[in-house]
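Engineer: Coordinates for the following, if possible.
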Amino acid sequence: MDTNYSKIESKLILFLQEEVSKIGFERVVLGLSGGVDSAVVAVLCKKAFGPNMLAVMIPSDTTNPIHMSHALSLCEKFDIEAEHVSIKNMLHSYPLELKTKLRKGNLAARLRMSVLYDISARDKAIVVGTSNKSEIILGYGTMYGDTACGINPIGSLYKTQIFGLAKHIGVTDEIILKAPSADLWEGQSDEEELGFRYKDLDAAMFELFEGELSKEEVIKNGHSAEMVEFIAARYEANIFKSKPPKIASL
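Structural biologist: Prediction:
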């Protein structure tokens, strides 16, 4: 797993500049949650585009205010232009009795992306994604919600690499040190919901997907059989999320 974060930073900044230019845009917009993934993308975009970027904080009624505070502190440190749009009223306009906790979280994620794409149209900007490789492999994201974007600079980085890059580029400690959370409902924790630590998941996934080892080989290397089976099952069940819709061939 590459930990040369100076090289990674340079490559990702160049990637953003070149690919956004190829698409024909000069400005970018992203959702800033107060988590480490969006924080890393925000700083990379600031380095790549200077003032031609916008970070949008999009809380719902279940968003922990501390995350918005952390997002604002990051913007102040790096002089990032920020906008605040609440989806509370939009979320509650949909019949509450029809929503489970998971469905409400998914709806919130899709409403946030609707806001981002509307702002992107207003500002003639492309939406930059914030999903990392660990989440993509595990299908840990909402289709047409947090996984939607026009370009994604961190989709080849595992979560543990995201933490290393965050430290390297100066993301605030309050963001780096807190437990990862998609913040889709009150008290939600990524690792608690997944049942395993990212550190352990990433080590096994790296062997499976980068080393191309079999499940049996990865287990033999000392990784939990339960966790390896969990990864394989999640990957197979959610691989459709990372592919474009299948179009019938006539």
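Engineer: Which secondary structure elements does the longest helix along the chain sit against?
Structural biologist: Assignment by DSSP state H gives helix 101-123 as the longest helix of the chain. Secondary-structure packing of helix 101-123 (3 or more C-beta pairs under 8 Å, 6 or more residues apart in numbering; DSSP states H and E): strand 27-31, strand 53-57, helix 88-92, strand 125-127. The C-beta positions use only the backbone N, C-alpha and C, and glycine is treated the same way.
Engineer: Just send those back as CSV, with mean neighbour count, mean pLDDT and distance to Met1 too.
Structural biologist: Listed next are the helices and strands packed on helix 101-123 as CSV, based on neighbours: other C-beta atoms under 10 Å; pLDDT from 0 to 100; distance: least, C-beta to C-beta, whole Å:
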stretch, mean neighbour count, mean pLDDT, distance to Met1
strand 27-31, 24, 98, 25
strand 53-57, 23, 98, 28
helix 88-92, 14, 90, 38
strand 125-127, 21, 98, 28
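Engineer: Now the element after the helix or strand of the chain with the lowest mean pLDDT, going C-ward?
Structural biologist: Taking mean pLDDT, DSSP states H and E as the measure, the helices and strands of the chain show their lowest mean at helix 190-194, namely a mean of 81. Next helix or strand after helix 190-194 toward the C-terminus (DSSP states H and E): helix 198-205.
Engineer: counting contacts, what elements does the following helix or strand past that next one pack onto?
Structural biologist: For helix 198-205, the following helix or strand on the C-terminal side (DSSP H and E) is helix 215-220. Helix 215-220 makes packing contacts with helix 225-238 when contacts are defined by 3+ C-beta pairs under 8 Å, 6+ apart.
Engineer: let's see 10 Å
Structural biologist: The criterion is 3 or more C-beta pairs under 10 Å, 6 or more residues apart in numbering; DSSP states H and E, and the helices and strands that helix 215-220 contacts are helix 198-205, helix 225-238.
Engineer: Which of those helices has the highest mean neighbour count?
Structural biologist: helix 198-205 (a mean of 20; mean count of other C-beta atoms under 10 Å).
Engineer: For it, list the C-alpha coordinates in CSV.
Structural biologist: Provided in CSV are the C-alpha atoms of helix 198-205 (Å, rounded to 0.1, in the frame of the first residue of the first chain):
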residue,chain,number,x,y,z
TYR,A,198,-10.9,-0.1,8.7
LYS,A,199,-7.3,-1.0,9.6
ASP,A,200,-8.1,-4.7,9.5
LEU,A,201,-10.5,-4.5,6.6
ASP,A,202,-8.0,-2.6,4.5
ALA,A,203,-5.1,-5.0,5.2
ALA,A,204,-7.3,-7.9,4.0
MET,A,205,-8.8,-6.1,1.0
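Engineer: distance between that helix and the chain's centre?
Structural biologist: If you compare the mean C-alpha spot of helix 198-205 with that of the full chain, they lie 17 Å apart, counting by C-alpha atoms, centre = their mean, to the nearest Å.
Engineer: pLDDT of that helix, averaged?
Structural biologist: The predicted model gives helix 198-205 an average pLDDT of 95.
Engineer: what angle sits between it and helix 225-238?
Structural biologist: Here helix 198-205 runs at an angle of 70 degrees relative to helix 225-238 (axes from the mean of the first three to the mean of the last three C-alpha atoms, to 10 degrees).
Engineer: elements contacting helix 198-205?
Structural biologist: Taking 3+ C-beta pairs under 10 Å, 6+ apart as contact, the helices and strands that helix 198-205 lies on are helix 133-138, helix 159-169, helix 190-194, helix 215-220, helix 225-238.
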